[in-house]
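Participant: okay, predicted coordinates and the sequence, questions at the end:
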Amino acid sequence: MKSESPILVLSPRLANQIAAGEVVERPASVVKELVENALDAGSTQIDIDCEAGGVGRIRVRDNGHGISSDELTLALSRHATSKISDLDDLEAVSTLGFRGEALASIASVSRLDLTSAIEGEAGSTVSVEGREMTAIVEPSPHPRGTTVDVRDLFFNTPARRKFLKTEKTEFGHIDTIISRQALSRFDVGFRLVHQSRVTRQLTPALSGNAQTARVSQLLGSGFMDAALSVDASATGLSLKGWSCRATFNRAQADSQYVFVNGRFVRDRLITHALRQAYRDILFHGRHPCFLLYLELDPAQVDVNVHPTKNEVRFRDSRLIYDFLLRTVSRALADDRPEQVCSQNISVESLGTNQGHSIYHQPTLGLSRSKPVDSLDIFARLVASNRNGEEPPDSPTDIPPMGYAIAQLHGIYILSQTQDGMIIVDMHAAHERITYEALKQALDDNGLVSQPLLLPVTLHVDQREASLVEEATDLFDQLGLGVQRVGPEAIRIEHIPAILNRASHEDLVRGVLSDLAAVGTSDRITEARDDLLATMACHGSVRANRHLTITEMNALLRDIERTERSGQCNHGRPTWTTLSMHDLDRLFFRGR
């Protein structure tokens with residue numbers, strides 16, 4: 001069909017402004033592009049000065065390699081870059097910027113001064129004002145490095161300016177960008193100034209303690225207090241950083257940072273894998289917190305899939321997914337109750353049991369009774385000591401969860417530790433212990449598949465039917481026998497025996513949905529764990545069941561040995577601690 005208007009080649013100015021619509025969304029976008037350029041130039045110190053939320057002015061100064069005077073005007077041209085030269089470079093990008101669009105796009109919607117100097121030169125400057133390039137290079141003294149001064153952003157596109165938020169909001173976005181870059185590059189110092197007031201002053205963090213201090217400064221001390229170290233490697237893959245305990249969570253996913261080869265990304269596959277790692281320890285409706293650095297061969301990841309470069313695509317998405325899920329799950333599982341302090345506490349009245357667990361899974365098999373009163377508690381403590389259960393030889397022998405001294409209202413266990421006390425929800429704790437035991441038993445025996453008496457035929461679209469053919473091995477691993485029987489039809493022939501009461505159709509459709517979204521699925525494991533969690537809940541000790549001191553201590557020892565024992569299957573905490581300092585503060589002791 002013939003167009004009503006003739007086909008024309010866009011003018012350079014209009015082309016740049018269209019590109020600016022993708023690259024320069026708001027002042028924070030300008031800061032992001034300029035800071036990334038500074039990092040690519042090998043800078044160790046970057047100063048950012050802003051006025052009026054970045055709309056009035058943004059000046060970014062670095063001490064990087066700089067730009068020679070004869071390349072200044074070329075640097076402002078569209079698609080001019082020193083970072084790639086051929087297709088091979090594009091397929092293995094190792095820099096943050098590579099398209100050569102940023103400076104040209106920013107210059108098309110602002111008044112821009114670019115001043116730079118390389119080693120051995122005095123420095124030069126070039127200025128443009130949102131128009132076609134007719135700039136003249138002039139001498140300008142400048143130390144080695146580059147300064148980009150952007151003024152009156154969107155002065156020639158007033159419609160774009162109307163969509164900006166308040167000055168405070170826009171500067172908040174700039175601060176977020178700087179925080180992300182500071183978390184990505186500990187070896188670089190950052191200084192952020194707004195309206196002549198320094199808001200961020202970060203010196204290079206080269207030691208482990210300095211890096212921890214920077215994370216605490218940017219994400220809060222609570223983040224590092226709850227952080228678990230992550231450090232794992234596989235073939236061509238490396239994951240380092242911190243993943244927080246499930247008890248430290250957020251109502252929004254605003255404390256989740258993943259850097260792929262130094263680039264901050266928000267990727268569906270990564271997010272899904274990390275969410276699944278927290279699946280059975282996170283309270284519903286809450287979001288985990290983590291700061292992770294994934295390193296891999298640049299040729300195995302495509303960063304050129306989105307204008308803002310916040311999304312990536314992996315060549316082997318299933319490998320990345322499994323590696324992230326396995327690594328973070330292991331870090332969370334290895335977190336055990338720790339000795340709080342080495343302060344000496346008297347243990348003369350403790351009923352102890354330093355041996356192995358003496359109760360059996362999945363239930364304690366104890367009869368119901370009313371909660372015991374305080375006199376009965378002390379009577380049992382005395383009887384326990386008379387029956388030969390001696391306290392440890394030294395207070396330092398007290399285990400992390402301490403020793404039980406009482407049962408409160410038939411629900412909670414009170415335990416004395418070296419530096420205070422621990423309160424345990426006995427049902428929630430035993431539920432986790434039982435759940436982990438059931439999972440281990442099933443993993444040891446494998447996932448048994450059973451044939452359906454009457455195979456189930458499902459009507460799906462052609463893409464889903466093709467996925468069944470492509471992911472035959474995955475379906476076999478999941479214990480599912482699914483075959484394609486038509487262009488838009490599949491047949492379910494086998495299912496995992498443990499899920500024989502589940503909806504087979506929903507199960508398969510869920511797996512196909514995961515495959516389409518992230519390239520893999522752990523839907524069967526999730527459904528299996530949901531069933532085991534229900535079994536564990538019904539098979540665990542209930543409230544108002546009387547426990548002896550020996551049985552309570554046995555439960556405490558199993559908490560210390562069990563993975564993920566800090567939360568029950570529903571994400572509720574299983575125990576909490578009060579140190580002597582906390583107790584003294586409650587009763588104003590020492591004041």
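Facilitator: Okay, I see it.

Participant: where does this protein have low pLDDT?
Facilitator: Along the chain, segments meeting pLDDT under 70 span 1-4, 12-13, 15-22, 83-94, 97-100, 131-134, 306-308, 338-396, 591.

Participant: from the contact counts, what lies against the top helix by length along it?
Facilitator: If you go by DSSP state H, the chain has its longest helix at helix 426-445. Helices and strands in packing contact with helix 426-445 are listed as helix 523-538, helix 549-561; criterion 3 or more Cβ pairs under 8 Å, 6 or more residues apart in numbering; DSSP states H and E. Yep, even glycine has a C-beta here, placed from its N, CA and C like the rest.

Participant: go through the following helix or strand past that helix and flag the buried ones.
Facilitator: The element immediately downstream of helix 426-445 (helix or strand, assigned by DSSP states H and E) is strand 449-459. By neighbour count, and taking 16 or more other Cβ atoms under 10 Å as the criterion, the buried residues in strand 449-459 are 449, 458.

Participant: same thing with stretch 235-255?
Facilitator: Judged by neighbour count (16+ other Cβ under 10 Å), stretch 235-255 contains these buried residues: 237, 239-249, 255.

Participant: same question for stretch 287-298.
Facilitator: Neighbour counts using 16+ other Cβ under 10 Å place 288-294, 296, 298 of stretch 287-298 among the buried residues.

Participant: for residue 284, give its distance to residue 540.
Facilitator: Separation of residue 284 from residue 540 (Cβ to Cβ, to the nearest Å): 19 Å.

Participant: quick one, helices of the stretch 1-150 of the chain?
Facilitator: In chain order, the stretch 1-150 of the chain shows helices spanning 12-23, 27-40, 72-75, 87-90, 102-108, with DSSP state H, counting those that start in this stretch as the criterion.

Participant: ok so, going back, same drill for residue 284 and residue 540, tell me which one is more crowded.
Facilitator: Neighbour comparison, residue 284 and residue 540: the larger count goes to residue 540, with 23 against 6 (by other Cβ atoms under 10 Å).

Participant: so that one sits against residue 425, correct?
Facilitator: No: under the contact definition of Cβ atoms under 8 Å, residue 540 does not touch residue 425, with a separation of 10.7 Å.

Participant: distance of residue 212 from residue 295?
Facilitator: 20 Å.

Participant: next one: residue 204
Facilitator: Distance, residue 204 to residue 295, by Cβ to Cβ: 20 Å.

Participant: cool, residue 568 as well?
Facilitator: Counting by Cβ to Cβ, the gap from residue 568 to residue 295 is 35 Å.

Participant: using the three-state scheme, assign residue 159.
Facilitator: Of the three states, residue 159 takes helix according to DSSP: H, G, I helix; E, B strand; the rest coil.

Participant: tally of neighbours for it?
Facilitator: Summarising burial for residue 159: neighbours were counted as other Cβ under 10 Å, giving 7.

Participant: against residue 432, how distant is it?
Facilitator: Residue 159 sits at a distance of 56 Å from residue 432 (criterion: Cβ to Cβ).

Participant: on that earlier part again, for the buried residues of stretch 235-255, work out which two are farthest apart.
Facilitator: Put simply, by Cβ to Cβ the two of these set farthest apart are 237 and 247, 28.5 Å from each other.

Participant: for the stretch 101-250 of the chain, just list every one of the strands.
Facilitator: Secondary structure of the stretch 101-250 of the chain (DSSP state E, counting those that start in this stretch): strands at 111-117, 124-129, 138-139, 145-151, 189-194, 197-202, 227-234, 237-244.
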